[in-house]
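In: Okay, here's the prediction I keep looking at, along with the sequence it came from:
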There are 2 protein chains.
Amino acid sequence: MSSSSTGSRGETVPTVPSAAGVAENVESLDGADDVDVSGMLDRGRTMATPVLRAAVDRLASPMDTVAAYHFGWIDAEGRPSDADGGKAVRPALALLSAEAAGAAPEVGIPGAVAVELVHNFSLLHDDLMDGDEQRRHRDTVWKVHGPAQAILVGDALFALANEILLELDTVEAGRATRRLTVASRKLIDGQAQDISYEHRERVTVEECLEMEGNKTGALLACAVSIGAVLGGADERTADALERYGYHLGLAFQAVDDLLGIWGDPEATGKQTWSDLRQRKKSLPVVAALSAEGEAAERLGELLAADAKETDFENFSEEEFAARAALIEEAGGREWTAQEARRQHTIAVEALDSVEMPDRVRRQLVALADFVVVRKR
Amino acid sequence: MSSSSTGSRGETVPTVPSAAGVAENVESLDGADDVDVSGMLDRGRTMATPVLRAAVDRLASPMDTVAAYHFGWIDAEGRPSDADGGKAVRPALALLSAEAAGAAPEVGIPGAVAVELVHNFSLLHDDLMDGDEQRRHRDTVWKVHGPAQAILVGDALFALANEILLELDTVEAGRATRRLTVASRKLIDGQAQDISYEHRERVTVEECLEMEGNKTGALLACAVSIGAVLGGADERTADALERYGYHLGLAFQAVDDLLGIWGDPEATGKQTWSDLRQRKKSLPVVAALSAEGEAAERLGELLAADAKETDFENFSEEEFAARAALIEEAGGREWTAQEARRQHTIAVEALDSVEMPDRVRRQLVALADFVVVRKR
């Protein structure tokens, strides 16, 4: 557990964050610091990956190969590879979710796999729509295998997600699939909003939060309720777990937005000022633009000029650094760090209404802490 | 009912078909000729469309508008329109399917809507992957609204299909969704095969039939079983209905392949020699290439040269007509017409193992006849 936080719960300490994260003053339950978060993430990965690979193996050729490349199991030439498969927060949550309902962690595995499939379906399609050429330090699928395969394999993973759940053939699986479907639609709504915001000069903080709730919150919410649903939890419990996951997702995204500007490229695997290069209207930018004062005004003028700039990609490091400094001066960085803490607090409080084993509760809290203090 | 067939059941009469269709000698149950097929199709459309429109209205802006354009409810400028929405065979089948299980036709409506949503999800994505610029006499979605919207709205319709079914919150709906998911995966497999065959010089008749079974058979099979499943039919009944639908789909596709070469552009809404212009390895082509003799040989040489031709799009009517004549001379046209009849026979015979009201049986047979004799 990498949190250095010792702040007592419920108390908000709005200090300027150090480095990119909000490592100081994260809300945390007493005692959550002794939880082994990386062990928790490893467990999720270890238990879910073989089932995920077996599911992907069902795909007809060449979709199985394309999917295996996307997941980092093989390289572009088809040789076995062990590339970075992401943080695996979702599988870890799905297993904890089953345990929160008093079931064995194994009960959450089909849920973990289904959520991972939906998550990766959306990555495949979003990378193509956004024209992103790199993900997790590697060329994206559409770049290596072409746009048609990116569309096709995304579709196949989406279908496979429902298939995996529904072949359990239980009432609980039907409920789990319904929640996954609702989350998938929100994911798609979020991407639609993201695309439409790109063409707009101004986006409000509320619009940005709604978009991020759809793009990130909804599927984390599903991950942390789906195991419980498969384990027979009632709707009220599942809803409360979803609330935790949704706000955890918003905290996660706020930190992602900080890392997207001030993150260490070595750790994130992205370019310096990555989100600025992409002219992304992320939380720090939107918050800074909606502030009062000279810095906000200068930033607004600068970004409006940038939007018309054709040689934007060749801007120097200094030019991006100047924009980042203005965002920080206008308060966008601090506001976003505070927002991450605020969402973290709401997430952790949502757990209060759910009865669950103490160990599971402490693990969920520790995971929330981890999400907010991570460096990548 | 447009069949002029009076051939008695079980007897195959392999004559060369007149016009594009296989109007003569279609297998048909005695008495199916008095069924009002266009009334049946109208009923499906009339009962399913309002629910389909309400489902599409759930989509966030601008996806609702893009979807409405795709369905032909508005034009590219957003004005109300009443464009050709297709033959609506699937909704008609879903309602009959419920009746086959002894339920009211209304029971099949969510199934009809879900199948239509999946069908249109696949059209949106396939048109983009294939670069098709026209569908039903109008510009395709990616052409009007861009590739990102085609991907996004396709995804949304796919999710919506499952949502519509699962919110019924019944055991039957879970089963129906599972069948729809399996069919969707086959649809995607079929598109993957279609794309990979394009790059191959030779495709066997078996491979072509497998691809068409996936692309067309699977979803028709689902349409004709989904209403019964929602109506509480057992698995055996649903499987038999699927068998009818699958072979109906293969008959449908064989006729489509005939129309794709020899169809009347006025009726089909496609260009003359449409499939030849697209170098499609459809059944008549594949069957002709796999035949013995001079015509097959000359056709093979010609198509191999065409594959390398860069000015192919500007070929004259006469050049395409020459290819069509060779396909016919090599027996590809007759083989495909016979295959349509053969699949029609298998489809109709699959109904024998299902107990159902006599009226419903006659309607299903009449629909099979219609599929084989249609001109568009």
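Out: It's in.
In: contacts and neighbour counts: CA atoms only from here.
Out: OK.
In: Would stretch A:141-160 count as contacting chain B?
Out: Yes. Stretch A:141-160 reaches chain B (C-alpha under 8 Å from any C-alpha of the partner chain) through A:147-148, A:151-152, A:155-156, A:159-160.
In: so can I have JSON lines of these showing neighbour count?
Out: Below are the residues of stretch A:141-160 next to chain B laid out as JSON lines (neighbours: other C-alpha atoms under 10 Å in any protein chain shown):
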{"residue": "A:147", "neighbour count": "18"}
{"residue": "A:148", "neighbour count": "20"}
{"residue": "A:151", "neighbour count": "25"}
{"residue": "A:152", "neighbour count": "24"}
{"residue": "A:155", "neighbour count": "26"}
{"residue": "A:156", "neighbour count": "26"}
{"residue": "A:159", "neighbour count": "27"}
{"residue": "A:160", "neighbour count": "25"}
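In: Could you tell me which of those residues belong to helices?
Out: Taking DSSP state H as the definition of helices, those contribute A:147-148, A:151-152, A:155-156, A:159-160.
In: What is the three-state secondary structure of residue A:206?
Out: helix (DSSP: H, G, I helix; E, B strand; the rest coil).
In: Redo the residues of stretch A:141-160 next to chain B as CSV? Include pLDDT.
Out: What follows is the residues of stretch A:141-160 next to chain B, written out as CSV (pLDDT from 0 to 100):
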residue, pLDDT
A:147, 97
A:148, 97
A:151, 98
A:152, 98
A:155, 98
A:156, 98
A:159, 98
A:160, 98
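In: Relative to chain B, which of those is nearest.
Out: Closest approach between these and chain B, by C-alpha to the nearest C-alpha: residue A:148, at 5.1 Å.
In: how near is the residue nearest to the spatial centre of chain A to residue A:190?
Out: Residue closest to the mean C-alpha point of chain A, counted by C-alpha atoms, centre = their mean, is residue A:216 at 4.8 Å. In this view, residue A:216 and residue A:190 are 8 Å apart by C-alpha to C-alpha, to the nearest Å.
In: got any residues that touch both of the two?
Out: Both residue A:216 and residue A:190 lack any common contact, where contact means C-alpha atoms under 8 Å, 6 or more residues apart in numbering or on different chains.
In: How about the contacts made by residue A:37?
Out: Shown in contact with residue A:37 (C-alpha under 8 Å, 6+ apart): A:1, A:363, A:366-367, A:370.
In: Of these, just say which sits nearest to residue A:292.
Out: Here the nearest of the contacts of residue A:37 to residue A:292, counting by C-alpha to C-alpha, is residue A:370; it sits at 32.7 Å.
In: What is the burial count for the closest one?
Out: By the criterion of other C-alpha atoms under 10 Å in any protein chain shown, residue A:370 has 21 neighbours.
In: On the secondary structure side, give me the element for it.
Out: helix A:358-373 (DSSP states H and E).
In: Please name every helix or strand in contact with that helix.
Out: Where contact means 3 or more C-alpha pairs under 8 Å, 6 or more residues apart in numbering or on different chains; DSSP states H and E, helix A:358-373 is packed against helix A:37-57, helix A:89-100, helix A:235-262, helix A:332-350.
In: Deepest in the core, which of those helices is it.
Out: Per-stretch averages of neighbours, counted by mean count of other C-alpha atoms under 10 Å in any protein chain shown, single out helix A:89-100 among these, with a mean of 29.
In: Report the rounded mean pLDDT for that one.
Out: Mean pLDDT, helix A:89-100: 97.
In: For it, which outside residues touch it?
Out: Applying C-alpha under 8 Å, 6+ apart, the external contacts of helix A:89-100 come out as A:40-45, A:48, A:104-109, A:111-113, A:115-116, A:220, A:223-231, A:241, A:355-357, A:360-361, A:363-364.
In: Next: stretch A:260-276.
Out: A:19-20, A:136-137, A:257, A:259, A:282, A:320-321, A:324, A:375-376.
In: pLDDT check: weakest of those?
Out: residue A:19 (40).
In: ok, which residues in chain A are in contact with chain B?
Out: Near chain B, when you scan chain A using C-alpha under 8 Å from any C-alpha, you find A:59-60, A:62-63, A:125, A:129, A:147-148, A:151-152, A:155-156, A:159-160, A:162-163, A:166-167, A:169, A:171, A:174-175, A:177-178, A:181-182, A:184-185, A:188-189, A:191-192.
In: change it to 7 Å
Out: Contacts of chain A with chain B, taken as C-alpha under 7 Å from any C-alpha of the partner chain, map to A:60, A:129, A:148, A:152, A:156, A:159, A:162-163, A:166, A:171, A:174, A:178, A:181-182, A:184-185, A:188-189.
In: So which of those residues sit within helices?
Out: Using DSSP H, the residues of chain A next to chain B in helices are A:129, A:148, A:152, A:156, A:159, A:162-163, A:166, A:171, A:174, A:178, A:181-182, A:184-185, A:188-189.
In: helices or strands up against the strand or helix carrying residue A:66?
Out: Using DSSP H and E, residue A:66 maps to helix A:63-71. When contacts are defined as 3 or more C-alpha pairs under 7 Å, 6 or more residues apart in numbering or on different chains; DSSP states H and E, helix A:63-71 sits against helix A:37-57.
In: quick one, the helix it packs on and helix A:147-166 angle?
Out: Going by axes from the mean of the first three to the mean of the last three C-alpha atoms, to 10 degrees, helix A:37-57 is angled at 100 degrees with respect to helix A:147-166.
In: so who does the residue nearest to the centre of chain A touch?
Out: Counting by C-alpha atoms under 7 Å, 6 or more residues apart in numbering or on different chains, residue A:216 makes contact with A:249-250, A:253.
In: cutoff 6 Å now
Out: Residue A:216 makes contact with residue A:249, according to C-alpha atoms under 6 Å, 6 or more residues apart in numbering or on different chains.
In: What does residue A:88 show for phi and psi?
Out: Dihedral angles of residue A:88 (phi, psi; degrees, to the nearest 10) stand at phi 60, psi 40.
In: burial of it, as a residue count?
Out: Other residues lying near residue A:88 total 19 when counted by other C-alpha under 10 Å.
In: what about residue A:206, neighbour count?
Out: Applying other C-alpha under 10 Å, I find that residue A:206 has 12 neighbouring residues.
In: Can you check the pLDDT for it?
Out: 97.
In: try residue A:270
Out: pLDDT, residue A:270: 78.
In: quick one: it from residue A:132, how far?
Out: For residue A:270 relative to residue A:132 (C-alpha to C-alpha), the value is 11 Å.
In: more neighbours, the two?
Out: residue A:270 (20 against 16).
In: a markdown table please, covering the residues of stretch A:141-160 next to chain B and showing distance to residue B:349.
Out: Below are those laid out as a markdown table (distance: C-alpha to C-alpha, whole Å):
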| residue | distance to residue B:349 |
| --- | --- |
| A:147 | 42 |
| A:148 | 38 |
| A:151 | 38 |
| A:152 | 35 |
| A:155 | 34 |
| A:156 | 33 |
| A:159 | 31 |
| A:160 | 32 |
